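Chemist: give me a model of this one.
(chains A and B)
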Amino acid sequence: MGAFTDASGNVIQPLAIGTGATLTVPAGATQLQLGVNGNTYLYNAGAFTATVSIQSAVPLSSQLLSESLDDIQIGAAAQIYFGLFQNGALLTDMDVFENVAFPVREHTDLPEALVRLLVLTKLQAVGLRGAFALSPGELSGGMARRVALARAIVMDPEVLIYDEPFVGLDPISLGVILRLIKQMNKVLGITSIIVSHDVRELASVADDSYLLSGGRIAATGTPAELRASDSPAVRQFMTGSAEGPVPFHYPAADYATQLFAADEP
Amino acid sequence: MSGTRPSLLSEGVRRLGSTTLFLAGLIIQCVPALARPRLVINQIYNAGARSLVIIMLSGLFVGMVLGLQGYDLLRRFGSEEALGTAAALGLLRELAPVITALLFAGRAGTALTSEIGLMRATDQLTAMEIMAVDPVRYVAAPRFLGGLIAMPLLAAIFSVIGLFGAQMIGVQLMGVDKGVFWSQTQSSVGLHDVSEGLIKSVVFGIACSLIAVHEGYNATPTAEGVGLATTRTVVASSVVTLLLDYVMTAEFL
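Modeler: A predicted model of the protein is given here:
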C-alpha cells in the first residue's frame, strides 16, 4: 500500500478493497472507507468480481474534508459517504416518506416542516413524490432503488457509493437509474463510486474505472482504454466473451476419473 | 476459519462471551434509546400488550389447577383454609415469574429474534450502519428495554389472574370460606414475597430479552440461519430461566 498524492501534493489515504487492492479517488476524498461488512464481501471472491468506477466530481477542497473529519466523530461520517445497496435495503416497517426521512430524523433536530420539504424535494428528484405513502413491499425493484437513492442523498453527501446499482432492472428502470447517477454527479457534484459488472452502462457514466481480480486491481483506465487493453483477461471481461483466459469451469478433479469413480461423490 | 469444528465447550464459552459483550454494548446504548421513548413504548406494546391474552389465559388455568390440586392436598391435612396462602405464595414467588418467562420466550422472544434476524438478512442493519445510525441503539436497545419493562408487568398480571382462578375453584367450587381464603392470604403474604417475584421477573426479563435480541442480531443471514436462531432463543431462554430460578430461589429462602 503505497502513499498516493493528488495534484497539489497532498497524501491521499488509499481505499482498501478486499484483501490486496487499494485505489484512490481523485476528487480528493481522503480516508474513503468501505468499512462495512456488507460492502466488502463483493470484492473478495471469484475471478473478475467487479469493476469499480470513479466519477470525479468537482474536487472537494481538502481543507473542507479535513475539517469535517476532525469536527465530526466517525459516526457522523455519513455526511460524507452514503452507500446504495443492491436491493435498496429499505426499512420495511416504515413507508417511503419515513424511509427517506430516517437519516434526517436520526442525525438532526430539524422541525417537521423542514423534514417534509427535504424529503419531498429528494423524492421529486427521483420521480417518486407521488409514492411517498407506499410501503417498501409495494415498490418494484427499480422504484425501491430510486427510493434508496433519495434516502442516500437526503443528507447531501459528498461521496456516494453504489453497490451493483444496475442488477436485475428492466431496461427502462436501468435507464432511469443511469440518468439519475449522472445527474447526481453533474448537478449536485456528488463523487460517485460504482461497483458493477455492467460494462456497457459503466462506460457511459464513468470517468475512470478499475478492474478488480482476486482482490487486486487488474487494470485501470477509462472504459475505452480498458477495452483496448493488451491483456486478454481484461479484454475478455470487457467484451463479455465466454472464451478466454478466465475459465468457465470451477477447478475440479479430472472429468473422466470423477465420473467413473463409483464410491466418490 | 481453519475448517476444524470448535469443541462444544469452547463454542459455549465463545457464545457466553459474545452475549456478555453484547449486553455491555446494549446497556451503554440504553441511555440514548431512552431519550426516544416512542421506540421503547412501541416495543413495550409489541412484547407486552400483545402477549396479554396468552399470559392471562395461562394465568387463569394455572390458578385453577392450583386451586384443585391445592385443595385436594390440603384437605388430607384438614387445612383447606390455607388454600389462599398456598396459591398466593406459589404464584407470586414461583409460578408467575417462571411461566411468564417461558411464555414470553415463546411468544415475544421468537418474534424479536426473527424480526431482527430478517432485518439482518435483508441488509437493513447494514444500511443503518452506513447511514451512521447504530443498529444496536436503534433496533436492539429499544427491544431489549421493551422486554425488560414488559416482563414484570406481565408476571404481575399473571399472579392476579392466577389468584382469581384459584379463588374461583377453591371458594366457588370446593366451598372454602371466602372470608377465610382472603384473610389467610392477606395475613401470610408479605412484601418480601412480592418483591421476590418482582426481582425474579426482572432478572428473567433481562435474560430472555437479551437472548432474543442477541440471537437475532447475530443470526446467519439466511432463511435457515434465522430459523435456527429462533429455535435457539426458545431453548436458551427456557434453560436459563429455570437455572436462574433455582439459583435465585436458593438465595432467597
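Chemist: could you pull out the buried residues of the strand or helix carrying B:Val31?
Modeler: Here B:Val31 sits within helix B:8-34, counting by DSSP states H and E. Under the neighbour-count criterion of 16 or more other CB atoms under 10 Å in any protein chain shown, helix B:8-34 has B:19, B:22-23, B:26, B:29-30, B:33 buried. Backbone N, C-alpha and C define where each C-beta goes, glycine included.
Chemist: tell me which two in these are the farthest apart.
Modeler: B:Thr19 and B:Ala33 (18.7 Å; CB to CB).
Chemist: quick one on the thing from earlier: could you see whether chain A lies near the helix holding B:Val31?
Modeler: No. Helix B:8-34 stays clear of chain A (CB under 8 Å from any CB of the partner chain), getting no nearer than 10.8 Å.
Chemist: what helices and strands are in contact with that helix?
Modeler: helix B:37-47, helix B:141-167, helix B:191-217 (3 or more CB pairs under 8 Å, 6 or more residues apart in numbering or on different chains; DSSP states H and E).
Chemist: what is the last one packed up against?
Modeler: Counting contacts by 3+ CB pairs under 8 Å, 6+ apart, the secondary-structure elements packed against helix B:191-217 are helix B:8-34, helix B:96-104, helix B:110-121, helix B:141-167, helix B:223-252.
Chemist: over to the shortest one?
Modeler: Contact partners of helix B:37-47 among helices and strands, from 3+ CB pairs under 8 Å, 6+ apart: helix B:8-34, helix B:110-121, helix B:141-167.
Chemist: beyond the second one, next helix or strand please.
Modeler: If you walk from helix B:110-121 toward the C-terminus, the next helix or strand you reach (DSSP H and E) is helix B:124-130.
Chemist: likewise for the last one?
Modeler: On the C-terminal side of helix B:141-167, the nearest following helix or strand under DSSP H and E is helix B:178-188.
Chemist: report the rounded mean pLDDT for the helix holding B:Val31.
Modeler: Mean pLDDT, helix B:8-34: 87.
Chemist: kindly report the same for stretch A:178-195.
Modeler: 76.
Chemist: next, the closest residue to chain A within the stretch 51-200 of chain B: phi, psi?
Modeler: Nearest residue of the stretch 51-200 of chain B to chain A: B:Ala132, at 3.4 Å (CB to the nearest CB). The phi/psi pair for B:Ala132 (degrees, to the nearest 10) reads phi 60, psi 30.
Chemist: my read: it touches A:His107, true?
Modeler: Yes. Between B:Ala132 and A:His107 there is a contact under CB atoms under 8 Å: 7.0 Å.
Chemist: compare these two (neighbour count), which wins?
Modeler: Higher neighbour count among B:Ala132 and A:His107: B:Ala132, with 21 against 17, using other CB atoms under 10 Å in any protein chain shown.
Chemist: per-residue confidence at A:Pro242?
Modeler: Actually, residue A:242 is Ala rather than Pro. 75.
Chemist: show me what contacts the closest residue to A:Arg129 other than its chain neighbours?
Modeler: Spatial nearest neighbour of A:Arg129, excluding adjacent residues (CB to CB, 6 or more residues apart in numbering or on different chains): A:Leu123 at 4.5 Å. Contacts for A:Leu123 (CB atoms under 8 Å, 6 or more residues apart in numbering or on different chains) come out as A:96-97, A:100, A:129, A:131-132, A:147, A:150.
Chemist: 7 Å - rerun?
Modeler: Counting by CB atoms under 7 Å, 6 or more residues apart in numbering or on different chains, A:Leu123 makes contact with A:100, A:129, A:132, A:150.
Chemist: ok so, going back, among the helices and strands packed on helix B:191-217, which comes closest to A:Ala261?
Modeler: helix B:223-252 (30.5 Å).
Chemist: what mean pLDDT would you report for the closest one?
Modeler: On average, helix B:223-252 scores 93.
Chemist: same for it, what does it pack against?
Modeler: helix B:96-104, helix B:110-121, helix B:191-217 (3 or more CB pairs under 7 Å, 6 or more residues apart in numbering or on different chains; DSSP states H and E).
Chemist: tell me the most buried of those helices?
Modeler: helix B:96-104 (a mean of 26; mean count of other CB atoms under 10 Å in any protein chain shown).
Chemist: mean confidence score for it?
Modeler: On average, helix B:96-104 scores 96.
Chemist: got the angle for it vs helix B:191-217?
Modeler: Between helix B:96-104 and helix B:191-217, the angle comes out at 20 degrees (axes from the mean of the first three to the mean of the last three CA atoms, to 10 degrees).
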